[in-house]
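Visitor: sequence? don't have it. structure:
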């Protein structure tokens, strides 16, 4: 770039190599006094065009990056909620498993209790049958004493007093029979009902087992779960076609959540968006570097052209 004033050329100026630079018409701009000016002007046009294209590509890529990032974040939030739901179902399964274990123990205990009460009933029954037999023997002895009508066997005699005292004790035992039998029968009834309500085909144990099946407590993540079925309904109307899928509410999650097709779909979409964000970030970094380089080049050319502008230098 010339800093000094230009002087008039000699008669041999047409043989100088600078003739091409000085006679080249740059268009509306007067011919430059610097041989690089025209090439910089042309180069600036190309750089501006390239910068405009790269800038527009960068803007569109940045918008795509922001859109995919927002979608990824929403999918991550929804995926986290689904994971929480799965964790809660696992916690519930743990409680159900505890209940299952307890009901199994209760079933064993109630079964043994019913059996034991039955044995006890047989023992009590035998006991009172023996008391009845003893009472029969007592009555036979008393009848025999009365039949003998002996002076030695009066009511004040020792043996009769002993028999009378024995009868009092025996009678007291016999009088407990009804209450004892009633209590044992009640115990048998209650233990049997308890066993049936917990351990029968329609008892609590089977209900808990059904909960365990519904919650898919024995299922691990990664195994084939039940397919999600769309549910819900809409009101029938003239504009609603029968069997229209738009009238169905989705998703209807099935347990276990981590094996539900909808969960897998969300997770796959999240992983895809996650990878796409990484790819777009790398592309955006590259195109931003290119845009910045073109912007720097453009600014440099503008500054250089301004310095070598013949309108200013050839005054």
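Guide: Thanks, I have the structure now. What you see is a predicted model; the values in this text were computed from it and never measured.

Visitor: Going by C-alpha atoms from here, please, whenever you check contacts or count neighbours.
Guide: Noted.

Visitor: ok, now how distant is residue 123 from residue 255?
Guide: 52 Å (CA to CA, to the nearest Å).

Visitor: The two: who's more crowded?
Guide: A direct count of neighbours by other CA atoms under 10 Å for residue 123 and residue 255 places residue 255 higher, at 20 against 12.

Visitor: Next, the more buried one: secondary structure please.
Guide: coil (DSSP: H, G, I helix; E, B strand; the rest coil).

Visitor: what about residue 287, distance to residue 301?
Guide: Residue 287 is 21 Å from residue 301, by CA to CA.

Visitor: Tally up the residues packed near residue 63, please.
Guide: 12.

Visitor: Now name the helix or strand holding it.
Guide: helix 37-148 (DSSP states H and E).

Visitor: So which elements touch that helix?
Guide: helix 158-175, helix 177-199, helix 204-214, helix 261-308 (3 or more CA pairs under 8 Å, 6 or more residues apart in numbering; DSSP states H and E).

Visitor: tell me what the first one is packed against?
Guide: Right, helix 158-175. Against helix 158-175 (3+ CA pairs under 8 Å, 6+ apart) you get helix 37-148.

Visitor: quick check: angle from the helix it packs on to helix 204-214?
Guide: Angle of helix 37-148 versus helix 204-214, following axes from the mean of the first three to the mean of the last three CA atoms, to 10 degrees, is 170 degrees.

Visitor: got the angle between helix 37-148 and helix 177-199?
Guide: Going by the same axes, to 10 degrees, helix 37-148 makes 160 degrees with helix 177-199.

Visitor: returning to that earlier point: check the offset of the helix holding residue 63 from the chain's centre.
Guide: 12 Å (CA atoms, centre = their mean, to the nearest Å).

Visitor: repeat for stretch 276-295
Guide: For stretch 276-295, the distance to the chain centre is 37 Å (CA atoms, centre = their mean).

Visitor: Could you pull out the buried residues of that stretch?
Guide: 276-277, 280-281, 283-284, 287-288, 290-291, 294-295 (16 or more other CA atoms under 10 Å).

Visitor: now swap in stretch 100-111 and tell me
Guide: 100, 103, 106-107, 110-111.

Visitor: what's the distance between residue 161 and residue 135?
Guide: In terms of CA to CA, residue 161 sits 16 Å off from residue 135.

Visitor: Just want to know which of these two has more residues nearby.
Guide: Just comparing residue 161 and residue 135: by other CA under 10 Å the higher neighbour count belongs to residue 135, 17 against 14.

Visitor: Check what pLDDT that one gets.
Guide: As predicted, residue 135 sits at a pLDDT of 91.

Visitor: i'd like the first residue to be 51 from this point on
Guide: Sounds good: first residue 51 from here, last item residue 185.

Visitor: circling back to that earlier point, want to throw the buried residues of stretch 326-345 into TSV with distance to residue 203?
Guide: As requested, the buried residues of stretch 326-345 are exported to TSV (distance: CA to CA, whole Å):
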residue	distance to residue 203
326	116
327	116
330	121
331	121
333	126
334	126
337	131
338	131
340	135
341	136
344	141
345	140
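
Visitor: Now render the helices and strands packed on helix 87-198 as JSON lines, adding mean pLDDT.
Guide: Formatted as JSON lines, those follow (pLDDT from 0 to 100):
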{"stretch": "helix 208-225", "mean pLDDT": "87"}
{"stretch": "helix 227-249", "mean pLDDT": "90"}
{"stretch": "helix 254-264", "mean pLDDT": "90"}
{"stretch": "helix 311-358", "mean pLDDT": "91"}
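
Visitor: so which of the ones you listed comes closest to residue 99?
Guide: helix 311-358 (9.9 Å; CA to CA).

Visitor: what packs against that closest one?
Guide: Using 3+ CA pairs under 8 Å, 6+ apart, helix 311-358 sits against helix 87-198.

Visitor: So residue 267 belongs to a helix, correct?
Guide: No: using three-state DSSP, the assignment for residue 267 is coil, not a helix.

Visitor: contacting residues for it?
Guide: For residue 267, the contacting residues are 140, 143, 306, by CA atoms under 8 Å, 6 or more residues apart in numbering.

Visitor: Please apply the same query to residue 313.
Guide: Per CA under 8 Å, 6+ apart, neighbours of residue 313: 129, 132, 307.

Visitor: circling back: indicate which one of the helices and strands packed on helix 87-198 is closest to residue 121.
Guide: Here helix 311-358 is closest among the helices and strands packed on helix 87-198 (CA to CA), at 7.4 Å.
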